[in-house]
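Undergrad: Turn this into a model:
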Amino acid sequence: MTLLNRLLLIVFGSGIIPLVPAAGFLFYFNARARQDISSLQQNVAQMAALMMEREAQDLSRRFERMWDGDSSSVSQAGLERVLKKNPEFLYLAFTKADGRELISGGAPELKRYFGLLNLAGDPQFLRALRSGAPALGSFELIYDMPVCRLVYPLGKGYYAFAAVNLRDLLNQLHSQRLGATGGLLLSDSDGKALVLSGSFEPFNDSEVRDILRRGRVFEIDGRDGPYIGASAPVRGLGLYMIALENRAEAFAGVNRISWLMAFFLLAVLTVFYFSSLLFTSRLGVPVAALMSGAGRVSAGDFRTPVPEHTEFTELSALLKAFNSMMREVERYHGIQVEKVFEEKQKLELLVSLIHDAIILADMRGELLYANAAAKAILGPDAVPGENEKIRRKMSHLVDLKARSKSGVIELDSGGHPKYYRISIQTLSARTQKPAIFMVLRDITLERQIQKMKEEFFHSVAHDLRAPLLTMQGYIKLLEKEFPPEARQAGYVRNVKDSSDRLFKLLENILDISRMEAGQLKPDMRKVDAAAFLSAAAEGFRAVFEEKGVELAVDASAKAEFMGDDSLLRRVLENLLSNALKFTPKGGKVSAAVRKDGDDIVFSVSDTGPGIPEDQLEAVFEKYKQLKSGEESHGFGLGLAIARKIVELHGGRIWAEAGPGGVFSFSVQYTRGVQ
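TA: Presented below is the predicted three-dimensional model:
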């Protein structure tokens, strides 16, 4: 979403907030008006029902005053007198409890209409017979006259039946209209209805009964459209007064006002929207200019200013401040660029003076930088850019590094090999693409000196071996010349121990020489791993007990392997000897063997000071020793010889960092032996 759209949304939203209460009021007004219309219909129906109840009560009181429970008036003269005093009685008849007519009188049309009266099965007559109270009902139009039937118990088994003209009452009810077409219906419980007012469509008995079942307030679907209304019972008569009005007509005024208010709100929203659009478009011009200027600054263009004149004073001041800031940034940027170039020149001079070869390349192998020493390795065409020949040389260096275990690689230089210790790192910067950083240190001279030193040691060891053997022979003769308790015997033992140590050193030097020359071949035979470990450990049991160090052996693994028993025993004895040397009195040394996939792993652990993590590989180099709590009597060749022996068997040996020293070596497991 652009800034202009966001600003338009904010301004327009701010203008909508005051209209939300107006919309809420419109919704409340609509709901309230509909409730008022429904309440009006209920009131009209209840008022009409109340008028009907009062008319019935008035008729009952008039009958009571006419006869006062005296049956002596049940005569033709009494009948004529009642008809004369009550002109609204269009027809009057007296019956016995069986409902048969005794005498009758009234308008001739009604006498012909009723004929010989027999009320034996009339529900209204039966209701008065059971209750002993007057029964009013059965409203109908007879010769366009609204007539209501009335049954009144006179006492002593006599009943009066009257057809009462209700024109005055119906005229009053006819004035109760609801809108242009709405009005009142008078109905009994069977659905027989009489239209009192209004001009709506006619409803049959079943439709009227459905209206009565819907309750006091209802909505129905008529043939001319939906209707709304209310019903109220006429108490004591079993009749119902129904107020009915066309739904569209009832809500026409409310809908008209609602639409007018909605149109007004929409008009206000439209005007405010276009006003907001005009305001934001004018405001967006300087903002867009400011954004464009910021984009140019990020692209390095500090010379193109932004327009400073706008319709808004505050924005004009902001644009002027932006131009001033851009000029200051341009000046500062120039100073920084000069400093960067100066530092780059210093760094290039420093790197060019380093004797180590430094190479920087991308992840595809394309050269990015090479100092003078690196160009001597890669060739005179080692310049940054795409160069397939240089890329192949880079790939070759990475491949040599991956194959070298010690990190030392050999390169041909004019027919003479040169050795380099190579280090490769991946540089991952947030602002630049990943790159490969190589450092190659020339160790050719170191290797030559080391080789000369080893050749010298080997020559000296070989030349000293013969006179040393002769010396050991004379020492054995001297041992026989002195008794064991003599002081001279102690001197001889010290000389013998020193000659043994010197002889062992010469043997180790010669063994290393033979192993590196490939002259030492292991005598491969089947070896039982558990028996091999137990035998090697038992040979050290006495010296461990003498020092007060516990020796625990776990030889529960059942497996066999192919190996040179004597050479591998030398490895295991060296590990046990080192563990004893570095474990203080009261400590513990554990030796164990286990199967690990296709390998058998021997391990020796102790409770001594442990091995620093940065020395885990250095301890296997020749003439390297760790400091112990006691005087060292070795020469740093034991672990180097152990590694050579294990590698001759196709296995590996390693050390682990931890609270104590842990050394392990593996040989291949011979399958099929359980």
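Undergrad: How far off centre is the biggest helix by length in the chain?
TA: Ranked by number of residues, the top helix in the chain under DSSP state H is helix 19-67. Here the centre of helix 19-67 is set off from its chain's centre by 59 Å, with CA atoms, centre = their mean, to the nearest Å.
Undergrad: now do stretch 344-361
TA: Distance, centroid of stretch 344-361 to centroid of chain: 49 Å (CA atoms, centre = their mean).
Undergrad: what comes into contact with it?
TA: The contact list for stretch 344-361 (CB atoms under 8 Å, 6 or more residues apart in numbering) reads 367-374, 376-378, 394, 397, 420, 427, 435-442. For the C-beta atoms, the positions are set from N, CA and C on the backbone; glycine is no exception.
Undergrad: Out of these, which sit inside strands?
TA: 367-370, 420, 427, 435-442 (DSSP state E).
Undergrad: Return the members of those residues classed as buried.
TA: For these, a burial check counting by 16 or more other CB atoms under 10 Å picks out Leu367, Tyr369, Ala370, Tyr420, Ala435, Ile436, Met438, Val439, Leu440, Arg441, Asp442.
Undergrad: okay, among the residues you listed, which ones form the most distant pair?
TA: Ala435 and Asp442 (23.3 Å; CB to CB).
Undergrad: before we move on, back to that, C-terminal to the longest helix of the chain, what's the next element?
TA: Later in the chain than helix 19-67, the nearest helix or strand by DSSP states H and E is helix 76-85.
Undergrad: which of the residues in that following helix are buried?
TA: Gly78, Leu79, Val82, Leu83.
Undergrad: and the angle for that helix with helix 19-67?
TA: Counting by axes from the mean of the first three to the mean of the last three CA atoms, to 10 degrees, helix 76-85 lies at 140 degrees to helix 19-67.
Undergrad: Which positions within stretch 589-600 qualify as buried?
TA: Val589, Ser590, Ala591, Ala592, Val593, Asp599, Ile600.
Undergrad: ok, those residues vs Glu245, which is closest?
TA: So of the buried residues of stretch 589-600, ranked by how close each gets to Glu245 (CB to CB), first place is Asp599, at 98.6 Å.
Undergrad: Look up phi and psi at the closest one.
TA: Torsion angles at Asp599 (phi, psi; degrees, to the nearest 10) stand at phi -120, psi 160.
Undergrad: can I assume it is in contact with Gly650?
TA: No: contact status for Asp599 versus Gly650: not in contact, 9.8 Å apart, counting by CB atoms under 8 Å.
Undergrad: shared neighbours of those two, which are they?
TA: Val667, Gln668.
Undergrad: Quick check: buried residues in stretch 654-673?
TA: So for stretch 654-673, counting by 16+ other CB under 10 Å, buried means Ala655, Gly660, Gly661, Val662, Phe663, Ser664, Phe665, Ser666, Val667, Tyr669.
Undergrad: Could you do stretch 532-549 as well?
TA: So for stretch 532-549, counting by 16+ other CB under 10 Å, buried means Phe532, Leu533, Ala536, Ala537, Phe540, Phe544, Val549.
Undergrad: With secondary structure and distance to Gln615 as new columns, can those be given to me in a markdown table?
TA: Listed next are the buried residues of stretch 532-549 as a markdown table, based on DSSP: H, G, I helix; E, B strand; the rest coil; distance: CB to CB, whole Å:
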| residue | secondary structure | distance to Gln615 |
| --- | --- | --- |
| Phe532 | helix | 29 |
| Leu533 | helix | 26 |
| Ala536 | helix | 25 |
| Ala537 | helix | 26 |
| Phe540 | coil | 24 |
| Phe544 | helix | 25 |
| Val549 | coil | 23 |
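Undergrad: of those, closest to Ile242?
TA: Looking across the buried residues of stretch 532-549 and measuring by CB to CB, the closest to Ile242 is Leu533, at 109.4 Å.
Undergrad: how close does that closest one sit to Leu119?
TA: 127 Å (CB to CB, to the nearest Å).
Undergrad: Check Asp564 too.
TA: Taking CB to CB, one finds Asp564 at 136 Å from Leu119.
Undergrad: between the two, which one's more packed in?
TA: Leu119 (21 against 18; other CB atoms under 10 Å).
Undergrad: Next, give phi and psi for the more buried one.
TA: Torsion angles, degrees, to the nearest 10, at Leu119: phi -100, psi 20.
Undergrad: what's the answer for Ala382, then?
TA: Torsion angles, degrees, to the nearest 10, at Ala382: phi -80, psi 80.
Undergrad: Bridged to Leu239, which residues?
TA: Asp188, Val234 (DSSP bridges).
Undergrad: so which of the buried ones among the ones in strands among the contacts of stretch 344-361 would you say is closest to Glu311?
TA: Ala435 (51.4 Å).
Undergrad: excluding its backbone neighbours, what's nearest that closest one?
TA: Leu427 (4.7 Å; CB to CB, 6 or more residues apart in numbering).
Undergrad: Likewise for Gln488?
TA: Phe482 (4.5 Å).
Undergrad: hang on, that neighbour packs against Ala489?
TA: Yes: here Phe482 reaches Ala489: they are 4.2 Å apart, a contact under CB under 8 Å.
Undergrad: Mind jotting down where the strands sit in the stretch 451-600 of the chain?
TA: Taking DSSP state E, counting those that start in this stretch as the test, the strands found in the stretch 451-600 of the chain are 525-528, 550-554, 560-563, 588-596, 599-606.
Undergrad: Figure out which of the ones you listed is closest to Gly191.
TA: Closest among those, using CB to CB: strand 588-596, at 97.3 Å.
Undergrad: Does Ala120 belong to a helix, a strand or coil?
TA: coil (DSSP: H, G, I helix; E, B strand; the rest coil).
Undergrad: What number of residues are in the vicinity of it?
TA: Neighbours around Ala120, by other CB under 10 Å: 12.
Undergrad: Please apply the same query to Tyr143.
TA: 10.
Undergrad: same check, this time on the one 4 residues further on
TA: Residue neighbour count, defined by other CB under 10 Å, stands at 21 for Val147.
Undergrad: Report the contact partners of the nearest residue to it once chain neighbours are set aside.
TA: Using CB to CB, 6+ apart and skipping the chain neighbours, the partner closest in space to Val147 is Ala163 (5.0 Å). By CB under 8 Å, 6+ apart, the contact set of Ala163 is Phe89, Leu90, Tyr91, Leu92, Gly106, Leu110, Phe114, Ile142, Val147, Cys148, Arg149, Leu150.
Undergrad: quick revisit: okay if I get the strands of the stretch 451-600 of the chain as CSV plus distance to Gly334 and mean pLDDT?
TA: Output for the strands of the stretch 451-600 of the chain, formatted as CSV (distance: least, CB to CB, whole Å; pLDDT from 0 to 100):
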stretch, distance to Gly334, mean pLDDT
strand 525-528, 78, 90
strand 550-554, 75, 92
strand 560-563, 74, 90
strand 588-596, 66, 92
strand 599-606, 66, 92
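Undergrad: if we compare those, which one ends up closest to Met452?
TA: strand 560-563 (34.3 Å).
Undergrad: now for the closest one, which elements pack on it?
TA: strand 525-528, strand 662-670 (3 or more CB pairs under 8 Å, 6 or more residues apart in numbering; DSSP states H and E).
Undergrad: List the buried residues in the shortest one.
TA: Within strand 525-528, the residues that qualify as buried by neighbour count (16+ other CB under 10 Å) are Val527, Asp528.
Undergrad: got a list of what Gln607 touches?
TA: To be clear, residue 607 is Thr; Gln isn't right here. Thr583, Gly587, Lys588, Val589, Pro659, Gly660.
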